[in-house]
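> Pasting a predicted model and its sequence here:
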Amino acid sequence: MEPHFKEGDQVLVSTLNFNNLKGPKKMRDSFVGPFIIIELIGKNAVEVKLTEEVSRKHPAFPVSLVKPYFQTEEDKFPPGRRTAHHQK
C-alpha cells in the first residue's frame, strides 16, 4: 500500500536518479531530505521544495521514489548537543 501524502508533509527522496551529489554513488545515502511537499501532482507524483544543494534537479518525483519523513529525538538537536536528561 502506497503512503498517502498531502501538501506540507515532510518527505525523503530517493537518490536513485541524482547525479549531482558529492561522493561515490556506493557511499551515498539511499534517501536525502527532508523536503516539504508543495504540490500533489495527481495521485502518483509530488513536487517538493528542494534545497540549494540539489536545486538543479527537477522538483517533481513519483511517489515510488518518496517516503514519509519522521523526525526522531536525535534530529531535534544539532550534533554534539545533548539535553540535560542525557548529561550525567
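That came in fine, so what should we check first? Numbering: from 1, shown residues only.

> if we look at the host helix or strand of residue 33, which residues are touching it?
Assessed by DSSP states H and E, residue 33 sits inside strand 31-41. Residues outside strand 31-41 that contact it (CB atoms under 8 Å, 6 or more residues apart in numbering): 5-15, 18, 21, 46-51, 54, 59-60, 67, 69, 71. C-beta coordinates here come from the backbone N, C-alpha and C atoms, glycine included.

> from the middle of its chain, how far away would it be?
A distance of 6 Å separates the centroid of the chain from that of strand 31-41, by CA atoms, centre = their mean, to the nearest Å.

> List the first helix or strand encountered after that strand toward the C-terminus.
Following strand 31-41 in sequence order, the next helix or strand is strand 45-49 (DSSP H and E).

> Buried residues, that next one. List them.
In terms of neighbour count (16 or more other CB atoms under 10 Å), strand 45-49 has its buried residues at 45, 46, 47, 48.

> That one vs strand 31-41, what angle?
120 degrees (axes from the mean of the first three to the mean of the last three CA atoms, to 10 degrees).

> Adjacent strands (with direction) for strand 45-49?
strand 31-41 (antiparallel), strand 60-62 (antiparallel) (DSSP bridges).

> Just name the most buried of those.
Among these, strand 31-41 has the highest mean neighbour count (mean count of other CB atoms under 10 Å), at a mean of 16.

> Kindly export that one (C-alpha atoms) in PDB.
The C-alpha trace of strand 31-41 is given here as PDB (Å, rounded to 0.1, in the frame of the first residue of the first chain):
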ATOM      1  CA  PHE A  31      17.400   8.900   0.500                       C
ATOM      2  CA  VAL A  32      18.000  12.600   1.100                       C
ATOM      3  CA  GLY A  33      15.900  15.300   2.800                       C
ATOM      4  CA  PRO A  34      13.700  16.100   4.400                       C
ATOM      5  CA  PHE A  35      11.900  18.200   1.900                       C
ATOM      6  CA  ILE A  36       8.400  19.700   2.100                       C
ATOM      7  CA  ILE A  37       5.700  18.800  -0.400                       C
ATOM      8  CA  ILE A  38       4.500  21.900  -2.000                       C
ATOM      9  CA  GLU A  39       2.100  20.300  -4.500                       C
ATOM     10  CA  LEU A  40       0.500  17.000  -5.300                       C
ATOM     11  CA  ILE A  41       0.600  16.000  -9.000                       C
END
